[in-house]
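# got a structure for you, letters missing:
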């Protein structure tokens, strides 16, 4: 993550300084070796700071780097390997790789104790090398102590560790650097004591790490699956070329599934789907996993054979929504940022078909581990034959530059390490006649580099935990769009029986008449031309009663045949984007504006009805409009809100905490909103080019603007 000034440049500088002080050949000219003891080689800098120490040490530890990081992460244990350590306090978290800490060290008679305020920054490199560096900074929250206190503020010029993997990562070489100015009057015998004792911290640390580290069990050797001939049966009547259930490891995808995938990826996609189903819904799946937790409705397992530097976990939870709602959430690429832990960047690199694409993702690191990024193929398949009929598989696996072309393959992000996804994805199984589903998640990934155990443990829980975060989006999405999803469920669940596998589309794109309006960039879905067509269309979906009720509800009828409509079709962004609805005359739901024009209109209202010398309304009419007249609810049982004449009343919480109800305006279907506050002489409009169900992004923009202008906080 990018650090704010001046810490960004400082962090990069101290990483370079640590490398130059340890592994740069030029370092030999700046350091003099003075000791080799307990397996630790020690040097002192030829130019020592005035009242301080400039030493470094090096040793070999017969453990992976991650084992050393596990001990370093336990700050209370630092007293076991650093004789001078007293305490360490976190002053500010700057990023996942950087922090400002205050460290206190013991007093040695007749000298007082010292404290140091330092920036600590960690960076790991693609070759497995890891650097942790620190240097002195100032911070308003941690000023130096005055003379009446028991400690003196020293200066950390440069300190930290450089780790380099040995023996394929099973051992490591560790360099330690400490260049500090103790400040004040320090006797030479204390400086000499510190110069000898500091490099020996490596010896004490090595003893702890090697004593406590337990090697993981060996990873089983993978056995290649036998390839199966794709030659069609010579006798069609025999049925030998008919697709078998996907659980059979010799099953290949039928032609209908392969037609959407470029030939060079067909075998890969077959294997991805097969592997994912074998790990989740096949009868023997449980034999390969051990349950370790159940949190927020998500059951979690880990592989019986753990990965040395990676994650092999799966999760499962039930969602009160049909399969199609889960697929809509999975299809929202940028929406993954809302429910995937640590994900900070995601984009589609290349489309390979309706259900296959190459995707880039980058995840934030956890100190001292850097960010990880991944480039993987995503393939979706809907199973319509055998025991898993109706199940959808969304499989993920890393790709290489040779597979997709070096001109397409995304470069590694600066400061990140490229991880490898062996197998990952989702398997969505319909239950309760398709009204709900069981969602399985699998993640088998090598994070590369040096990963402390505590980071692996975090990933092992957070990755299956993504299901709980996804459920919080999926279930409200279904509740707000029941008509659309229920209609689609009746129409498509089961697909083309006997075809084995069919391509799966999100519900919002399941009409042959859909197209993108080139002028508005909106999805346009042509509606039937007359009521006869509506009846026929709805009958085909098995939803005639609900569709008719909703259409009549739009016209103002509260009840149809004694039944209340579940939801107006106008509350569906896809319906509101249709060409006919946009052209129709629908009172209070038919305004189409640019953001600038809409903001200018409300600016006139904020200015008592006039702007730029043009009067739209009299001051009295604006005041009448803004006067609260009562409260009412939107469709769907949402909380009641206060209304004026054709406008909704909004509250503004001022910087003093007072809430004033002087703002008024109106929201639009899909996230657009406009309002003004005459008291603050302020007007604002946010319009969207893609309708959403929550309007969350618009609210984020409003909150940011009001905060920056110091107007207050928007109260909804």
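Arrived safely, thanks for sending. Keep in mind it's a predicted model, so treat the numbers as computed, not measured.
# could you point out where the stretch 151-300 of the chain is predicted with low confidence?
Low-confidence segments of the stretch 151-300 of the chain, defined by pLDDT under 70: 216-260.
# ok, which stretches of it are helices?
Here the stretch 151-300 of the chain has its helices, by DSSP state H, counting those that start in this stretch, at 188-197, 201-212, 255-258, 263-278.
# Mind putting those into TSV with distance to residue 604 and mean neighbour count?
Where you see a C-beta, it was placed from the backbone N, CA and C, and this is true even at glycine. Below are these laid out as TSV (distance: least, CB to CB, whole Å; neighbours: other CB atoms under 10 Å):
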stretch	distance to residue 604	mean neighbour count
helix 188-197	73	14
helix 201-212	70	17
helix 255-258	58	18
helix 263-278	57	20
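# got these as TSV, with distance to residue 359 columns?
Shown next, in TSV, are these (distance: least, CB to CB, whole Å):
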stretch	distance to residue 359
helix 188-197	51
helix 201-212	38
helix 255-258	20
helix 263-278	13
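# so which of those helices gets nearest residue 12?
Nearest to residue 12 among those is helix 201-212 (25.7 Å), distances taken as CB to CB.
# can you list contacts of the closest one?
With contact meaning CB atoms under 8 Å, 6 or more residues apart in numbering, helix 201-212 is reached by 37-40, 57-59, 61-63, 67-68, 71-72, 77, 80-83, 174, 176.
# Filter these down to the ones in strands?
Members of the contacts of helix 201-212 lying in strands (criterion: DSSP state E): 37, 40, 57, 58, 59, 61, 174, 176.
# Specify the beta-bridge partners of the first one.
Meaning residue 37. Residue 37 has these beta-bridge partners by DSSP bridges: residue 40.
# The third one now?
With DSSP bridges applied, residue 57 shows beta-bridge pairing to residue 42, residue 176.
# I'd say it and residue 39 touch.
No: with contact defined as CB atoms under 8 Å, residue 57 does not reach residue 39; the gap is 10.1 Å.
# Could I get the buried residue list for stretch 454-471?
455-456, 459-467, 469-471 (16 or more other CB atoms under 10 Å).
# could I get the residues you listed as TSV with pLDDT and secondary structure?
Output for the buried residues of stretch 454-471, formatted as TSV (pLDDT from 0 to 100; DSSP: H, G, I helix; E, B strand; the rest coil):
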residue	pLDDT	secondary structure
455	77	helix
456	76	helix
459	78	helix
460	78	helix
461	77	helix
462	81	helix
463	84	helix
464	86	helix
465	87	helix
466	90	helix
467	92	helix
469	90	helix
470	93	helix
471	91	helix
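# Let's check: the centremost residue of the chain is which one?
Geometric centre of the chain, nearest residue: residue 343, 2.4 Å, by CA atoms, centre = their mean.
# Relative to residue 361, how far out is that residue?
As judged by CB to CB, to the nearest Å, residue 343 and residue 361 stand 6 Å apart.
# Need the overlap of contacts for these two.
Shared contacts of residue 343 and residue 361, defined by CB under 8 Å, 6+ apart, comprise residue 336.
# Need phi/psi at residue 662.
Per-residue torsions, residue 662: phi -100, psi -10 (degrees, to the nearest 10).
# In contact with it: list those residues for me.
Residues in contact with residue 662 (CB under 8 Å, 6+ apart) are 626, 652, 677, 678, 679, 680.
# Among the contacts of helix 201-212, name the buried ones.
So, by 16+ other CB under 10 Å, the buried ones in these are 40, 57-59, 61, 63, 67-68, 71-72, 81-82, 174, 176.
# Which single one of those residues is nearest to residue 715?
Distance to residue 715 across the buried ones among the contacts of helix 201-212 (CB to CB) is lowest for residue 72, with 46.2 Å.
# gap between the nearest residue to residue 667 once chain neighbours are set aside and residue 120?
Nearest residue to residue 667 in three dimensions, chain neighbours excluded: residue 673, at 4.4 Å (CB to CB, 6 or more residues apart in numbering). Going from residue 673 to residue 120 by CB to CB gives 43 Å.
# again with residue 34
Noted for residue 34: a distance of 27 Å to residue 120, by CB to CB.
# before we move on, what about residue 447?
Applying CB to CB, one obtains 22 Å for the distance of residue 447 from residue 120.
# Tell me which of residue 34 and residue 120 has more neighbours.
residue 120 (25 against 13; other CB atoms under 10 Å).
# And the residue lying closest to that one once chain neighbours are set aside, which helix or strand is it part of?
Spatial nearest neighbour of residue 120, excluding adjacent residues (CB to CB, 6+ apart): residue 134 at 4.6 Å. Element membership of residue 134, judged by DSSP states H and E, is strand 130-136.
# elements contacting that strand?
Strand 130-136 sits against helix 7-22, helix 65-73, strand 113-124, strand 155-166, with contacts defined as 3 or more CB pairs under 8 Å, 6 or more residues apart in numbering; DSSP states H and E.
# and if we set it to 6 Å?
Contact partners of strand 130-136 among helices and strands, from 3 or more CB pairs under 6 Å, 6 or more residues apart in numbering; DSSP states H and E: helix 7-22, strand 113-124, strand 155-166.
# With distance to residue 716 added, can I get those in JSON lines?
What follows is these, written out as JSON lines (distance: least, CB to CB, whole Å):
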{"stretch": "helix 7-22", "distance to residue 716": "36"}
{"stretch": "strand 113-124", "distance to residue 716": "40"}
{"stretch": "strand 155-166", "distance to residue 716": "48"}
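# Deepest-packed of the ones you listed, please.
strand 113-124 (a mean of 24; mean count of other CB atoms under 10 Å).
# Mind giving me the packing neighbours of that one?
Counting by 3+ CB pairs under 6 Å, 6+ apart, the packing neighbours recorded for strand 113-124 are strand 98-105, strand 130-136, strand 151-153.
# separation between residue 136 and residue 28?
From residue 136 to residue 28 the distance is 26 Å (CB to CB).
# And these two? Which one has more around it.
Taking neighbours as other CB under 10 Å, residue 136 and residue 28 compare with residue 136 leading, 18 against 10.
# Tell me where the stretch 301-450 of the chain has helices.
Counting by DSSP H, counting those that start in this stretch, the stretch 301-450 of the chain has helices at residues 323-331, 401-404.
# rewinding a little: quick one, what contacts the residue nearest to residue 667?
Residue 673 sits next to 667, 686, 698 when contact means CB atoms under 6 Å, 6 or more residues apart in numbering.
# can you check residue 604 too?
Residues counted as contacts of residue 604 (CB under 6 Å, 6+ apart) are 610, 611, 616.
# And the pLDDT for the last one?
At residue 616, the predicted lDDT confidence score is 90.
# Pull the residues that contact stretch 641-652.
If you take CB under 6 Å, 6+ apart as the criterion, stretch 641-652 is touched by 625-629, 631-632, 659-661, 663-666, 675, 677, 712, 715.
# Now do it: distance to the chain's middle.
Computed by CA atoms, centre = their mean, to the nearest Å, the separation of stretch 641-652 from the middle of its chain amounts to 36 Å.
# hang on, the earlier thing: in JSON lines: the helices of the stretch 301-450 of the chain, plus distance to residue 277 and mean pLDDT.
Output for the helices of the stretch 301-450 of the chain, formatted as JSON lines (distance: least, CB to CB, whole Å; pLDDT from 0 to 100):
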{"stretch": "helix 323-331", "distance to residue 277": "15", "mean pLDDT": "91"}
{"stretch": "helix 401-404", "distance to residue 277": "23", "mean pLDDT": "91"}
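# Just name the most buried of those.
helix 323-331 (a mean of 24).
# Report all helices and strands that that helix contacts.
strand 420-431, helix 453-479, helix 482-492.
# Residue 92: which of the ones you listed is closest?
Ranking these by proximity to residue 92 (CB to CB) places helix 453-479 first, at 21.2 Å.
# relative to helix 65-73, how tilted is that closest one?
Here helix 453-479 runs at an angle of 90 degrees relative to helix 65-73 (axes from the mean of the first three to the mean of the last three CA atoms, to 10 degrees).
# beta partners for residue 393?
residue 381, residue 427.
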